[in-house]
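Participant: whatever this is, show me its structure:
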Amino acid sequence: MMIAMTAFAVVAAMSTFIGFAPIVTLAAGFLLLFVLPVSLGTLAFYSRGPRRTFFIGAFAGSLSAHYMHRDLSWGGSIVHAAILLLLLTVAIISCGFTALYTRRFLERSGWHLPPADDAG
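Facilitator: Residues are numbered from 1 along each chain as shown. Next comes the predicted model:
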């Protein structure tokens with residue numbers, strides 16, 4: 001609680017000098033670039049079955065935020081952070097469902113079964 005109160009005090013003090021928009025953009029960037037991948041990786045680690053497959057794909061999609069952040073030249077705009085969030089949401093959902101449907105395709109094809117010994 002003390003750490004959160006100290007962080008809030010620092011943010012409140014800095015907002016009077018540099019404005020509120022850069023602080024919100026910095027916080028959103030930190031959440032999108034670091035907290036979200038850790039959360040999805042933890043969900044992938046502790047889930048089982050199709051959920052694990054989805055969250056592994058979503059984790060891979062969340063890493064694309066680092067590439068999008070580098071390619072988009074946003075300097076402190078909330079609009080650019082919102083665009084990054086929208087693109088990241090699309091990437092996470094599409095990668096998660098791609099991984100899930102790939103798993104279903106492999107299971108229907110029988111690739112998850114052990115190889116049969118036909119030499120017998």
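Participant: burial measure for residue 112, as a count.
Facilitator: When neighbours are defined as other Cβ atoms under 10 Å, residue 112 has 9 of them. In short, each C-beta sits where N, CA and C put it, glycine included.
Participant: and it, how close does it get to residue 106?
Facilitator: According to Cβ to Cβ, to the nearest Å, residue 112 and residue 106 sit 6 Å apart.
Participant: quick one, helices of this protein?
Facilitator: 2-18, 21-30, 36-46, 50-62, 64-71, 78-109 (DSSP state H).
Participant: which one of the ones you listed lies closest to residue 116?
Facilitator: When the helices of the chain are compared by Cβ to Cβ, helix 78-109 sits nearest residue 116, at 14.1 Å.
Participant: identify each buried residue in that closest one, please.
Facilitator: By neighbour count with 16 or more other Cβ atoms under 10 Å, helix 78-109 contains the buried residues 80-81, 84-85, 88, 91-92, 95-96, 99-100, 103.
Participant: residue 36 against residue 65, yeah?
Facilitator: Yes: because the distance of 7.3 Å satisfies Cβ atoms under 8 Å, residue 36 is recorded as touching residue 65.
Participant: which residues are in contact with each of these two?
Facilitator: Common neighbours of residue 36 and residue 65, using Cβ atoms under 8 Å, 6 or more residues apart in numbering, are residue 88.
Participant: for residue 60, see how far away residue 106 is.
Facilitator: Look at residue 106 and residue 60: by Cβ to Cβ, they are 17 Å apart.
Participant: gap between residue 30 and residue 13?
Facilitator: 18 Å.
Participant: cool, and residue 23?
Facilitator: In this structure, residue 23 lies at 11 Å from residue 13, with Cβ to Cβ as the measure.
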